[in-house]
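okay, predicted coordinates and the sequence, questions at the end:
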Amino acid sequence: MKVVCNSSPLVNLSRIGRIYILKQLYTELLIPKAVYQEVVINGRGMPGAYEISRSNWITTRDVNDQRQVRILSYDLDLGESETIVLALEVNADFLIMDERLGREMARHLDLVFTGTIGVLIEAKSVKS
C-alpha cells in the first residue's frame, strides 16, 4: 500500500507518543523532501524530528514535477504541495494530511486522504 504523509500528522502523532501507529497500519510511509526538511532539519529537537530521522520505514522521496509544486505553492506551503504532487506521482492509495486547504486541493485532484484523527480511528478499529 502506497501512503504519502505530510508533516503535521507525523508531528502530532509523535507529540502523543503514537507515531508507531503509522508503521503498524501501513508498514511503509513516503514523505517528500520538503516534509523531511520541515520536521527533521527545521524542527530539530521538536516532536517527530528524532523519530523520523531514525526510522527505517519512512522513505523520503524527491518530487519530479516541480512545476506542479510551484502551482500548488500559490495556495499551500511547500510541504503540502510536495505531499500532494508525490501522491499523484506514485499513484498513492491515499495521503495523510490535516490542513484544510491541502485536503481541499487533494479532493479537487481526486486523491483519497485522511488525517491524524482518521489514523487514530483506523488504529482503534484494527485493534478491536
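Okay, I see it.

alpha carbons only for contacts and neighbour counts from here, please
Noted.

which stretches of this protein form helices?
In the chain, the helices defined using DSSP state H lie at 7-15, 20-26, 33-36, 49-54, 66-72, 78-89, 100-108, 116-127.

deepest of those helices, which one?
helix 78-89 (a mean of 25; mean count of other Cα atoms under 10 Å).

which residues of the protein score low on pLDDT?
Along the chain, the model assigns pLDDT under 70 to residues 127-128.

could you rerun that using 90?
Scanning the chain with the threshold set as pLDDT under 90 gives 1, 27-28, 45, 47-48, 125-128.

residues contacting the nearest residue to Ala34 once chain neighbours are set aside?
The spatial neighbour of Ala34 that comes closest, neighbours along the chain excluded (Cα to Cα, 6 or more residues apart in numbering), is Gly79 at 5.0 Å. By Cα atoms under 8 Å, 6 or more residues apart in numbering, Gly79 lies in contact with Asn6, Ser7, Pro32, Ala34, Val35, Glu38.

same question, Met46
Neighbour list for Met46: Val39 [criterion: Cα under 8 Å, 6+ apart].

tell me how far it lies from Leu95.
Met46 sits at a distance of 23 Å from Leu95 (criterion: Cα to Cα, to the nearest Å).

ditto for Thr114
Distance check for Thr114 against Leu95: by Cα to Cα, it reads 6 Å.

who's more crowded, those two?
When Thr114 and Leu95 are compared on other Cα atoms under 10 Å, the one with more neighbours turns out to be Leu95, at 26 against 16.
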